[in-house]
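*Asks:* when you get a sec, could you give me coordinates for this:
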Amino acid sequence: MNNSEPKENKGIDSLLLKRIITYLVPYKAWVALAFVSVITAAFLGPLRPKIVQVIIDREIANGDIDGLRRMIVFLIIILMAEGLLSLVNTYLTQWIGQRAIYDLRTKVYRHIQNQSLRFFDRTPIGKLITRVTSDVESLSQILSAGIVMIIGDLFRLIFISYFMFTLSPVLAGVTLGVMPLMIYATFWFKRRVRDQYRETREQVGRLNSFLQEHISGMRIVQIFGREKEEMKRFTAINELHRAAHIRAIFYFALFWPAIDIVASIALGLVMWFGGLQAMAGTLTLGILIAFIQFVRQFFEPIRNLSDQFNTLQSAMAGAERIFDVLDTDAAIDTSLAVPGTAEFAGHIEFRNVWFSYDETIEVEDDAADWILRDVSFIVRPGESLAIVGATGAGKTTIISLVLRFYDIQRGAILIDGKDIRTIELAHLRDQFGLVLQEVFLFSGSVEKNITLGNPNITREQVEKAVRAIDAESFISNLKGGYDYEVHERGMSLSHGQRQLLSFARALVYDPCILVLDEATSSVDTETEEVIQKALETLMLGRTTVVIAHRLSTIQHANQILVMHKGIVRERGSHQHLLRQDGLYRRLYELQYRDQEERIES
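*Replies:* Numbers count the residues shown, from 1 in each chain. Sure, this is the predicted structure:
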């Protein structure tokens, strides 16, 4: 998705509107019924002044009591029919609109969910939240009553105009004579409010992005005493948000009185010219009274159309941003993938892999900013591979690539001899169990956080996995045990407890390949011993890839890679690397010396 907001395009309205309307296509039969209903109501409304004119000029003028009674009953029937149609229209259009909004929001979320990590690297989460919530909601009115009511109001104008011209072409011309003023006011309003709605939606996105980021990072803000500074930033963003809304309100404050003034001018002209004609005997009283009602009715759909135009502008601004997301496809290319269900043995091979997070990098440019440079290694089924190195050496990148969160530019990654680009993405990731340094837990029960809501995993399987990693004691001490409600991001649990739940999550899915990203680097020594025992259970019989911060935890790995600036500088077992007296030995001695100093202190 482009970080810049959509720019104005003079021809974009019709294109966006057509695209919005496509979400009504699955409900076209119900939409057609709504159109019939609203057009019928649009005809019945102007019919009332015509009936009043007939009652005055024919029944009352001729003293026809029976005819008066019949016409009043007819008028009551029309009013009841209008009320019934109004009920049907309101319910039906809202039902259609909410179905269409449900489909659109589902499509946007599914699209976001299918994107690669590159998409999230460059897109603020707050803006995505705005797209799925308020931007989608901005289309709600136009997808429900909006389009149908616009058609209904247009037909009402046609029917009113027809009745007016059949009664008095002169008064009809007087009424329509004020339309140039109405058209000018509408176009003036359109030019200004569209830009203002776009600005308003942009400020909503900025506000949501700031709130999401700073509420999530409130601990850092408070630790470093940045409350006043961040409050100033929030106030500035909030001020821009408020100012954008006020500017939009200003245009409405001008527009609506202008419409009322034009309507009053039309009514005054009709009463003046109609009154003169009535006094001259060239116009009946019934026609004059009917025309006064027609003028009032005539400007009502125009007001409604202006209001719907306002809604349409808001919807267009939201639609631009929604379709900007939908038109940005940073999903992993699965065109080469072949569906499969075969079990994997867990043989991993990196073959001359080059990778950069810069998508524009030239593939053959060896001097470019590569994160990994010509990396090759093999991990056989059941073996363990440990990856060590300084920050930025490319350790975590290797994990992201083997799980295919990103695609490499050069080389190949193979699982059981198959290029991972030819393996169905869901099937590929089913083979992995991932345990990260920072464990992410969702709001919900302990059991739900272990199973992630998978209905195929039973409580017995969960309990078995928990016992296997010796986490049963801490879960049983929680209020409610497996039904204990975990707070957002798991903040009601200690880091070690969250880590054990992540181990149980990995074990219950029974992967053939286990990936551990510094899983013990942020816990104390006592907790590390508990976790280390759990790791032994997890790793048993599985291919394991470990990113290690503490070298003491990887001494029994079958193979250790020492990474430096994206290059494999050394490889071998723990003892072999110590004998080489190279980078690994220096890292080990540095950690050993630090450990001794901590013990002595």
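
*Asks:* buried set for the strand or helix carrying Gly411?
*Replies:* Using DSSP states H and E, Gly411 sits in strand 410-415. Within strand 410-415, the residues scored as buried using 16 or more other Cβ atoms under 10 Å are 410-411, 413-415. C-beta: built from backbone N, CA, C; applies to glycine.

*Asks:* next one: stretch 500-513
*Replies:* Neighbour-count burial for stretch 500-513 [16+ other Cβ under 10 Å]: 500-509, 511-513.

*Asks:* just put these in JSON lines and tack on secondary structure.
*Replies:* Shown next, in JSON lines, are these (DSSP: H, G, I helix; E, B strand; the rest coil):
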{"residue": "Leu500", "secondary structure": "helix"}
{"residue": "Leu501", "secondary structure": "helix"}
{"residue": "Ser502", "secondary structure": "helix"}
{"residue": "Phe503", "secondary structure": "helix"}
{"residue": "Ala504", "secondary structure": "helix"}
{"residue": "Arg505", "secondary structure": "helix"}
{"residue": "Ala506", "secondary structure": "helix"}
{"residue": "Leu507", "secondary structure": "helix"}
{"residue": "Val508", "secondary structure": "helix"}
{"residue": "Tyr509", "secondary structure": "coil"}
{"residue": "Pro511", "secondary structure": "coil"}
{"residue": "Cys512", "secondary structure": "coil"}
{"residue": "Ile513", "secondary structure": "strand"}
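
*Asks:* what lies in contact with whatever helix or strand comes next after the strand holding Gly411?
*Replies:* Counting by DSSP H and E, the element after strand 410-415 in chain order, helix or strand, is strand 418-419. Residues outside strand 418-419 that contact it (Cβ atoms under 8 Å, 6 or more residues apart in numbering): 336, 412-413.

*Asks:* quick one: contacts for the most centrally placed residue in the chain?
*Replies:* Centroid-nearest residue in the chain, with Cα atoms, centre = their mean: Val132, separated by 2.6 Å. Contacts for Val132 (Cβ under 8 Å, 6+ apart) come out as 105, 108-109, 112.

*Asks:* centre of the chain to the strand holding Gly411, how far?
*Replies:* Here strand 410-415 shows a centroid-to-chain-centroid distance of 33 Å under the convention Cα atoms, centre = their mean, to the nearest Å.

*Asks:* and stretch 560-572, by the same measure?
*Replies:* 40 Å.

*Asks:* nearest to Gly67, of the contacts of Val132?
*Replies:* Taking Cβ to Cβ as the measure, Gly67 lies nearest Arg105 of the contacts of Val132, at 56.2 Å.

*Asks:* what about the closest one, how many neighbours?
*Replies:* When neighbours are counted by other Cβ atoms under 10 Å, Arg105 registers 19.

*Asks:* is it true that it touches Val136?
*Replies:* Yes: under the criterion of Cβ atoms under 8 Å, Arg105 makes contact with Val136 at 4.8 Å.

*Asks:* and Val353, helix, strand or coil?
*Replies:* strand.

*Asks:* which non-adjacent residue is nearest it?
*Replies:* Distance criterion Cβ to Cβ, 6 or more residues apart in numbering; nearest residue to Val353, sequence neighbours excluded, is Gly411 at 3.8 Å.

*Asks:* I'd like to know how many residues surround Ile96.
*Replies:* Neighbour tally, Ile96, other Cβ under 10 Å: 24.

*Asks:* quick one: low-confidence ranges for the stretch 401-550 of the chain?
*Replies:* Within the stretch 401-550 of the chain, the ranges that satisfy pLDDT under 70 run 488-489, 519-528, 530-531.

*Asks:* what about the helices in it?
*Replies:* 425-430, 446-451, 459-468, 472-476, 495-508, 525-539 (DSSP state H, counting those that start in this stretch).

*Asks:* let's have these in a markdown table, adding distance to Asn352.
*Replies:* A markdown table is the format used below for the helices of the stretch 401-550 of the chain (distance: least, Cβ to Cβ, whole Å):
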| stretch | distance to Asn352 |
| --- | --- |
| helix 425-430 | 20 |
| helix 446-451 | 39 |
| helix 459-468 | 38 |
| helix 472-476 | 45 |
| helix 495-508 | 30 |
| helix 525-539 | 28 |
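
*Asks:* among those, which is nearest Val221?
*Replies:* Closest among the helices of the stretch 401-550 of the chain, using Cβ to Cβ: helix 495-508, at 20.3 Å.

*Asks:* run the angle between that closest one and helix 459-468 for me.
*Replies:* 130 degrees (axes from the mean of the first three to the mean of the last three Cα atoms, to 10 degrees).
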